[in-house]
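Undergrad: Below is the sequence, then the predicted model.
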Number of protein chains: 2
Amino acid sequence: MNDLAKALGANIRAKRKESGISQDALALECGLDRSYMGRIERGEVNITIEKLYKIAAQLNCSAGTLLP
Amino acid sequence: MNDLAKALGANIRAKRKESGISQDALALECGLDRSYMGRIERGEVNITIEKLYKIAAQLNCSAGTLLP
DNA sequence: TATAACCACGGATTATAATCCGTATTTTTT
DNA sequence: AAAAAATACGGATTATAATCCGTGGTTATA
(Lines give C-alpha, C1' and ligand atoms only; values in the text may rest on other atoms or scores of the structure.)
Protein backbone atom coordinates (compact mmCIF):
# COMPACT_ATOMS: atom_id res chain seq x y z
CA MET A 1 0.00 0.00 0.00
CA ASN A 2 2.39 2.72 1.25
CA ASP A 3 5.42 3.01 3.49
CA LEU A 4 3.34 3.67 6.59
CA ALA A 5 1.21 0.56 6.18
CA LYS A 6 4.25 -1.58 5.37
CA ALA A 7 6.15 -0.41 8.43
CA LEU A 8 3.15 -0.93 10.68
CA GLY A 9 2.61 -4.39 9.23
CA ALA A 10 6.22 -5.30 9.85
CA ASN A 11 5.93 -4.18 13.48
CA ILE A 12 2.80 -6.24 14.01
CA ARG A 13 4.39 -9.29 12.43
CA ALA A 14 7.50 -8.95 14.58
CA LYS A 15 5.44 -8.68 17.76
CA ARG A 16 3.27 -11.62 16.76
CA LYS A 17 6.30 -13.84 16.14
CA GLU A 18 7.67 -12.86 19.53
CA SER A 19 4.52 -14.19 21.11
CA GLY A 20 4.83 -17.37 19.02
CA ILE A 21 1.35 -17.52 17.53
CA SER A 22 0.07 -17.86 13.97
CA GLN A 23 -1.69 -15.22 11.87
CA ASP A 24 -4.88 -17.24 12.07
CA ALA A 25 -4.73 -17.49 15.83
CA LEU A 26 -4.11 -13.78 16.25
CA ALA A 27 -6.91 -12.93 13.83
CA LEU A 28 -9.28 -15.16 15.75
CA GLU A 29 -8.36 -13.60 19.10
CA CYS A 30 -8.81 -10.12 17.66
CA GLY A 31 -12.14 -11.05 16.14
CA LEU A 32 -11.12 -10.20 12.63
CA ASP A 33 -10.73 -12.06 9.38
CA ARG A 34 -7.70 -14.32 8.84
CA SER A 35 -7.07 -13.12 5.28
CA TYR A 36 -7.29 -9.53 6.43
CA MET A 37 -4.64 -10.13 9.07
CA GLY A 38 -2.34 -11.29 6.29
CA ARG A 39 -2.99 -8.13 4.33
CA ILE A 40 -2.27 -6.02 7.37
CA GLU A 41 1.14 -7.63 7.91
CA ARG A 42 1.99 -7.28 4.22
CA GLY A 43 1.08 -3.59 4.42
CA GLU A 44 -1.65 -3.82 1.82
CA VAL A 45 -4.37 -2.08 3.83
CA ASN A 46 -4.98 1.05 5.84
CA ILE A 47 -6.48 -0.07 9.15
CA THR A 48 -8.62 1.90 11.60
CA ILE A 49 -7.61 2.91 15.11
CA GLU A 50 -10.12 0.48 16.53
CA LYS A 51 -8.40 -2.48 14.83
CA LEU A 52 -5.00 -1.21 15.92
CA TYR A 53 -6.11 -1.30 19.54
CA LYS A 54 -7.61 -4.77 19.25
CA ILE A 55 -4.35 -6.09 17.83
CA ALA A 56 -2.23 -4.31 20.43
CA ALA A 57 -4.35 -5.75 23.24
CA GLN A 58 -3.80 -9.31 22.02
CA LEU A 59 -0.08 -8.71 21.55
CA ASN A 60 0.22 -7.36 25.10
CA CYS A 61 1.58 -4.01 24.04
CA SER A 62 0.37 -0.45 23.67
CA ALA A 63 -1.04 0.77 20.38
CA GLY A 64 1.65 3.42 20.26
CA THR A 65 4.50 0.93 20.27
CA LEU A 66 3.14 -0.68 17.10
CA LEU A 67 3.30 2.59 15.19
CA PRO A 68 6.34 3.37 13.03
CA MET B 1 -18.99 6.59 19.10
CA ASN B 2 -16.98 4.87 21.85
CA ASP B 3 -14.55 5.79 24.62
CA LEU B 4 -11.50 5.34 22.40
CA ALA B 5 -12.75 7.70 19.70
CA LYS B 6 -13.85 10.25 22.28
CA ALA B 7 -10.50 10.25 24.04
CA LEU B 8 -8.62 10.52 20.77
CA GLY B 9 -10.86 13.36 19.65
CA ALA B 10 -10.25 15.20 22.90
CA ASN B 11 -6.50 14.86 22.46
CA ILE B 12 -6.63 16.19 18.93
CA ARG B 13 -8.80 19.11 20.00
CA ALA B 14 -6.46 19.99 22.84
CA LYS B 15 -3.41 19.92 20.57
CA ARG B 16 -5.21 21.99 17.94
CA LYS B 17 -6.14 24.67 20.49
CA GLU B 18 -2.54 24.77 21.63
CA SER B 19 -1.49 25.65 18.12
CA GLY B 20 -4.23 28.28 17.98
CA ILE B 21 -5.91 27.30 14.73
CA SER B 22 -9.53 26.58 13.81
CA GLN B 23 -11.09 23.23 12.89
CA ASP B 24 -11.56 24.44 9.34
CA ALA B 25 -7.94 25.50 9.01
CA LEU B 26 -6.64 22.21 10.37
CA ALA B 27 -8.97 20.25 8.10
CA LEU B 28 -7.74 22.21 5.11
CA GLU B 29 -4.09 21.66 5.98
CA CYS B 30 -4.68 17.94 6.44
CA GLY B 31 -6.58 17.74 3.17
CA LEU B 32 -9.74 16.40 4.72
CA ASP B 33 -13.31 17.56 5.06
CA ARG B 34 -14.17 20.30 7.60
CA SER B 35 -17.32 18.53 8.85
CA TYR B 36 -15.37 15.33 9.27
CA MET B 37 -12.79 17.08 11.41
CA GLY B 38 -15.62 18.12 13.71
CA ARG B 39 -16.83 14.54 13.97
CA ILE B 40 -13.32 13.38 14.78
CA GLU B 41 -12.99 15.80 17.69
CA ARG B 42 -16.44 14.88 18.98
CA GLY B 43 -15.45 11.20 18.89
CA GLU B 44 -18.18 10.24 16.47
CA VAL B 45 -15.98 8.40 13.98
CA ASN B 46 -13.31 5.72 13.82
CA ILE B 47 -10.46 7.13 11.77
CA THR B 48 -7.74 5.27 9.84
CA ILE B 49 -4.08 5.46 10.76
CA GLU B 50 -3.39 7.35 7.56
CA LYS B 51 -5.61 10.21 8.77
CA LEU B 52 -4.06 10.03 12.22
CA TYR B 53 -0.63 10.62 10.71
CA LYS B 54 -1.83 13.50 8.56
CA ILE B 55 -3.31 15.21 11.61
CA ALA B 56 -0.25 14.57 13.75
CA ALA B 57 2.00 16.03 11.08
CA GLN B 58 0.02 19.27 10.99
CA LEU B 59 -0.06 19.47 14.78
CA ASN B 60 3.70 19.03 14.98
CA CYS B 61 3.54 15.94 17.13
CA SER B 62 3.96 12.20 16.75
CA ALA B 63 0.97 10.01 15.99
CA GLY B 64 1.61 8.10 19.17
CA THR B 65 1.19 11.11 21.43
CA LEU B 66 -2.33 11.65 20.11
CA LEU B 67 -3.39 8.17 21.17
CA PRO B 68 -5.13 7.67 24.52
C1' DT C 1 -25.92 45.50 17.51
C1' DA C 2 -24.41 44.03 13.45
C1' DT C 3 -20.97 41.19 11.11
C1' DA C 4 -18.09 37.73 10.77
C1' DA C 5 -15.59 33.69 12.23
C1' DC C 6 -16.06 29.29 14.41
C1' DC C 7 -18.38 25.09 15.66
C1' DA C 8 -22.29 21.51 15.94
C1' DC C 9 -25.04 18.70 13.46
C1' DG C 10 -27.45 16.39 9.69
C1' DG C 11 -28.63 13.84 5.20
C1' DA C 12 -27.04 11.87 0.99
C1' DT C 13 -23.38 10.09 -1.75
C1' DT C 14 -18.71 8.04 -2.75
C1' DA C 15 -14.54 5.68 -1.52
C1' DT C 16 -12.61 2.17 0.81
C1' DA C 17 -12.00 -0.73 5.12
C1' DA C 18 -13.25 -5.23 6.43
C1' DT C 19 -15.51 -9.75 5.61
C1' DC C 20 -16.28 -14.24 3.52
C1' DC C 21 -15.27 -17.33 0.81
C1' DG C 22 -11.67 -20.20 -2.02
C1' DT C 23 -7.03 -22.15 -3.78
C1' DA C 24 -1.97 -22.28 -4.52
C1' DT C 25 2.52 -22.02 -2.39
C1' DT C 26 5.68 -22.14 1.23
C1' DT C 27 7.31 -23.69 5.56
C1' DT C 28 7.33 -26.81 9.38
C1' DT C 29 6.74 -31.26 11.42
C1' DT C 30 6.79 -36.27 11.42
C1' DA D 1 9.50 -37.81 1.31
C1' DA D 2 4.94 -37.17 2.82
C1' DA D 3 1.60 -34.76 5.73
C1' DA D 4 0.23 -30.94 8.15
C1' DA D 5 0.38 -26.27 9.36
C1' DA D 6 1.06 -21.65 8.10
C1' DT D 7 1.07 -18.01 4.82
C1' DA D 8 0.15 -15.56 0.30
C1' DC D 9 -3.05 -14.05 -2.66
C1' DG D 10 -7.39 -13.08 -5.15
C1' DG D 11 -12.36 -12.06 -6.32
C1' DA D 12 -16.84 -10.75 -4.75
C1' DT D 13 -19.67 -8.79 -1.29
C1' DT D 14 -20.86 -5.97 2.94
C1' DA D 15 -19.98 -2.49 6.35
C1' DT D 16 -18.42 1.78 7.23
C1' DA D 17 -14.85 5.59 6.72
C1' DA D 18 -14.70 9.86 4.41
C1' DT D 19 -16.68 13.43 1.33
C1' DC D 20 -19.78 17.07 -0.18
C1' DC D 21 -22.96 20.55 0.83
C1' DG D 22 -26.19 22.79 3.65
C1' DT D 23 -28.22 25.13 7.90
C1' DG D 24 -28.66 26.84 12.66
C1' DG D 25 -26.47 28.31 16.79
C1' DT D 26 -22.75 30.33 19.45
C1' DT D 27 -18.87 33.12 20.33
C1' DA D 28 -15.47 36.78 19.06
C1' DT D 29 -14.72 41.29 16.62
C1' DA D 30 -15.89 45.88 14.63
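TA: Sure, I can see it. Since this is a predicted model, take the numbers as computed values, not measurements. Numbers count the residues shown, from 1 in each chain, chains lettered A, B, ... in the order given.

Undergrad: Would you state the helices of chain A in chain order?
TA: Ranges of helices within chain A are A:3-18, A:23-30, A:34-42, A:49-58, A:63-66, based on DSSP state H.

Undergrad: Reformat those as JSON lines; add mean pLDDT.
TA: What follows is those, written out as JSON lines (pLDDT from 0 to 100):
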{"stretch": "helix A:3-18", "mean pLDDT": "98"}
{"stretch": "helix A:23-30", "mean pLDDT": "98"}
{"stretch": "helix A:34-42", "mean pLDDT": "98"}
{"stretch": "helix A:49-58", "mean pLDDT": "98"}
{"stretch": "helix A:63-66", "mean pLDDT": "98"}
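
Undergrad: Show me the residue at the heart of chain A, geometrically.
TA: Ranked by distance to the mean C-alpha position of chain A (Cα atoms, centre = their mean), the top residue is A:Ile12 at 4.2 Å.

Undergrad: residues in contact with it?
TA: A:40-41, A:55, A:59, A:66 (Cβ atoms under 8 Å, 6 or more residues apart in numbering or on different chains). All C-beta atoms are positioned from the backbone trio N, CA, C, and that covers glycine.
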